[in-house]
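A.B. asks: Provide a 3D model corresponding to the input given below.
(4 chains)
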There are 2 protein chains.
Amino acid sequence: MRISARTDYALRAVTELAAAPPGPVPADRIASAQNIPRRFLDNILLQLRRAGLIHSLRGPEGGYWLARPAEDLTLADVITVIEGKPEYPEHGGYPGVAGPLAEVWTALREHEERLLTEVTFAQIVSSRFSA
Amino acid sequence: MRISARTDYALRAVTELAAAPPGPVPADRIASAQNIPRRFLDNILLQLRRAGLIHSLRGPEGGYWLARPAEDLTLADVITVIEGKPEYPEHGGYPGVAGPLAEVWTALREHEERLLTEVTFAQIVSSRFSA
DNA sequence: CACATAGCCGACTTATTAAGTAGGAAATAG
DNA sequence: CTATTTCCTACTTAATAAGTCGGCTATGTG
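C.D. replies: The predicted structure is shown next:
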């Protein structure tokens, strides 16, 4: 489970939105709460908005908020948007005796995917997740 | 579970050694059996030998073989040698509401580590692993 | 001993990705 | 109208991955 800074920031930003009272949260507040470089965060929020995970409003009193309730938003939703489809080693198959290695990767991937699709931001914010 | 080509090659090379009858296996044979660039493989085998996972002999009839029985050699042994210590996002901690995210990473890491330290190359070559 | 085989070793190249920056345009509340 | 805040493209810089190169060293065979 390699996790890039970009993905990490995205998850923390969304967590901030999930924890905030209803209404727009400006990027500045997210950036300072989570120590995320401001310009970089812009970039990330833009990507999340284009994917439809969050909404936004410009101008004074503007900001970002979740497009769906935190109960319906999982870690996997965000990770998928930021990282795209996860690529596992499958390049040409595993010759001969190495074949069974592929099944190990599959097992790992499935466990990882299951956990990430089960944990919602509502659980993160309330410190209740199934790990 | 991001897996680099280098690590992938290393695991497949060791699998070849685990599957071979006793005696040295030349790098050429491993390279052709697993479609690994020959020069690159040299490089990787050197690293495995320096770490003490395999032994080698030069000259005609030379090659590589496992330093321990395949029953005592796990996927994690090889991965650790190639990738070094796995770094999980821990850079400075997770401020405020993002704290619980760290526990998710921990859960993922522990599961991954458990699986990789349990699967031996003996299991791989005999297609019996606990996944 | 000579020669072929095969491992040993550090340095180098090249491509891709990650991480973050820059500069300004456009919208909106007061 | 003005301050605020998002929107958007493009750029830079550093690190890592993947593989290459050239030549040296050891070893078994005849």
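
A.B. asks: Strands of chain A, start to end?
C.D. replies: A:54-57, A:63-66 (DSSP state E).

A.B. asks: between the ones you listed, which one is nearest to A:R38?
C.D. replies: Among the strands of chain A, strand A:63-66 comes nearest to A:R38, with 13.5 Å by Cβ to Cβ. For every residue, glycine as well, the C-beta is placed using N, CA and C.

A.B. asks: Please compute how far that closest one lies from its chain's middle.
C.D. replies: 15 Å (Cα atoms, centre = their mean, to the nearest Å).

A.B. asks: Next one: it, is it in contact with DNA strand D?
C.D. replies: Yes. Strand A:63-66 comes into contact with DNA strand D (Cβ under 7 Å from any atom of the strand), by way of A:G63, A:Y64.

A.B. asks: if we can go back for a sec, can I get the strands of chain A in TSV with mean neighbour count and mean pLDDT?
C.D. replies: Converted to TSV, the strands of chain A look like this (neighbours: other Cβ atoms under 10 Å in any protein chain shown; pLDDT from 0 to 100):
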stretch	mean neighbour count	mean pLDDT
strand A:54-57	17	98
strand A:63-66	20	98
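
A.B. asks: could I get those strands as TSV with distance to A:V104?
C.D. replies: Formatted as TSV, the strands of chain A follow (distance: least, Cβ to Cβ, whole Å):
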stretch	distance to A:V104
strand A:54-57	36
strand A:63-66	36
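
A.B. asks: Can you say which of those is nearest to chain B?
C.D. replies: Ranking the strands of chain A by proximity to chain B (Cβ to the nearest Cβ) places strand A:63-66 first, at 13.5 Å.

A.B. asks: would you list every one of the helices in chain A?
C.D. replies: Counting by DSSP state H, chain A has helices at residues A:5-19, A:27-34, A:38-50, A:75-83, A:99-118, A:121-125.

A.B. asks: For DNA strand D, find the nearest of the ones you listed.
C.D. replies: Nearest to DNA strand D among those is helix A:27-34; the distance by Cβ to the nearest atom of the strand comes to 3.5 Å.

A.B. asks: CA atoms only: put stretch A:55-73 into PDB for me.
C.D. replies: Coordinates of each C-alpha in stretch A:55-73 appear next as PDB, following Å, rounded to 0.1, in the frame of the first residue of the first chain:
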ATOM      1  CA  HIS A  55     -18.900  20.800  -4.800                       C
ATOM      2  CA  SER A  56     -17.600  24.400  -4.700                       C
ATOM      3  CA  LEU A  57     -18.500  28.000  -4.600                       C
ATOM      4  CA  ARG A  58     -16.300  31.000  -5.500                       C
ATOM      5  CA  GLY A  59     -15.900  34.400  -3.900                       C
ATOM      6  CA  PRO A  60     -16.200  35.500  -0.300                       C
ATOM      7  CA  GLU A  61     -17.900  32.900   1.800                       C
ATOM      8  CA  GLY A  62     -17.000  30.400  -0.900                       C
ATOM      9  CA  GLY A  63     -15.300  27.100  -0.400                       C
ATOM     10  CA  TYR A  64     -15.800  23.400  -0.800                       C
ATOM     11  CA  TRP A  65     -18.200  20.800   0.600                       C
ATOM     12  CA  LEU A  66     -19.000  17.100   0.100                       C
ATOM     13  CA  ALA A  67     -21.200  16.100  -2.800                       C
ATOM     14  CA  ARG A  68     -22.600  13.200  -0.800                       C
ATOM     15  CA  PRO A  69     -23.100  12.400   2.900                       C
ATOM     16  CA  ALA A  70     -19.900  11.200   4.600                       C
ATOM     17  CA  GLU A  71     -21.600   7.900   5.300                       C
ATOM     18  CA  ASP A  72     -21.700   7.200   1.600                       C
ATOM     19  CA  LEU A  73     -18.100   8.300   0.800                       C
END
